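Student: here's a sequence, model it:
(chains A and B)
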Amino acid sequence: GAVVSQHPSWVICKSGTSVKIECRSLDFQATTMFWYRQFPKQSLMLMATSNEGSKATYEQGVEKDKFLINHASLTLSTLTVTSAHPEDSSFYICSAVGQGGNQPQHFGDGTRLSIL
Amino acid sequence: GENVEQHPSTLSVQEGDSAVIKCTYSDSASNYFPWYKQELGKRPQLIIDIRSNVGEKKDQRIAVTLNKTAKHFSLHITETQPEDSAVYFCAASYTGNQFYFGTGTSLTVIP
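Tutor: The predicted structure follows:
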């Protein structure tokens, strides 16, 4: 149980392109989803917290107009990297937390984004 | 906000030996502490967690201890195997809606 599906797993695109990444909780309802960015051999850097039906809460230094997050249902959140540039190349991982207090996060497989 | 520190950043042990990773946290309100294992290029996977009403939890070769007074918690892996090699992250949470991760420990088990 507690499966989180993230797509696509790998994206290569030209600079200036917008890229959408989907995060789905397959067998549970997720009131909260998180979006992380991870650089090689480094920890998970929280970008934003997404609650169903409300605006995402962005961490300091993360541009909300650059990284658009939509959490339209209890099972789906999307991250759109708008007008991506090479510096946006990274590993992006989502996670979802089930309903109820102090539940563990369940992570997606991550999306490797490469901007040429 | 919460600040989680994790040590060591790298750890090498001989196969069969034990490995210990330690984390400290700053916010006494934190009450949930999961540990994740991440293999290269893969998702972090929950391996064990502990809540603040418990001082120790064990699952086969893996154990976690929590000292609320000192605000630190530790991961213990006994009888290490090569497949235990990975990066391990600790985390702390007090709302269930925010998780603060440590910087990670790269564990290498030498056959």
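
Student: and residue 9, how many residues sit next to it?
Tutor: In the absence of a named chain, chain A is used. 12 (other Cβ atoms under 10 Å in any protein chain shown). For glycine as for every other residue, the C-beta is placed from the backbone atoms N, C-alpha and C.

Student: my question was about chain B
Tutor: Close neighbours of B:Ser9, defined as other Cβ under 10 Å, add up to 14.

Student: for chain B, what helix or strand is lowest in average pLDDT?
Tutor: Among the helical and strand segments of chain B, the one scoring lowest on mean pLDDT, DSSP states H and E is strand B:99-101, with a mean of 88.

Student: what lines up beside that strand in the sheet?
Tutor: Strand pairing for strand B:99-101, using DSSP bridges, gives strand B:86-93 (antiparallel).

Student: pull the residues that contact the strand it pairs with.
Tutor: A:41, A:43-44, A:102, A:105, B:2, B:4, B:6, B:21, B:23, B:25, B:27, B:30-40, B:44, B:47, B:73, B:75, B:99-102, B:104-107 (Cβ atoms under 8 Å, 6 or more residues apart in numbering or on different chains).

Student: what subset of the residues you listed is buried?
Tutor: A:43-44, A:102, A:105, B:2, B:4, B:6, B:21, B:23, B:25, B:30-38, B:44, B:47, B:73, B:75, B:99-102, B:104-107 (16 or more other Cβ atoms under 10 Å in any protein chain shown).

Student: circling back to that earlier point, so of the contacts of strand B:86-93, which ones are in helices?
Tutor: Using DSSP state H, no member of those falls in helices.

Student: if I pick the closest residue to B:Ser52 other than its chain neighbours, what's in contact with it?
Tutor: Nearest non-adjacent residue to B:Ser52, counting by Cβ to Cβ, 6 or more residues apart in numbering or on different chains: B:Asn31, 3.9 Å away. By Cβ under 8 Å, 6+ apart, B:Asn31 lies in contact with A:102, B:51-53, B:93-94.

Student: now B:Val20
Tutor: B:74-77.

Student: mind running it again at 7 Å?
Tutor: By Cβ atoms under 7 Å, 6 or more residues apart in numbering or on different chains, B:Val20 lies in contact with B:74, B:76.
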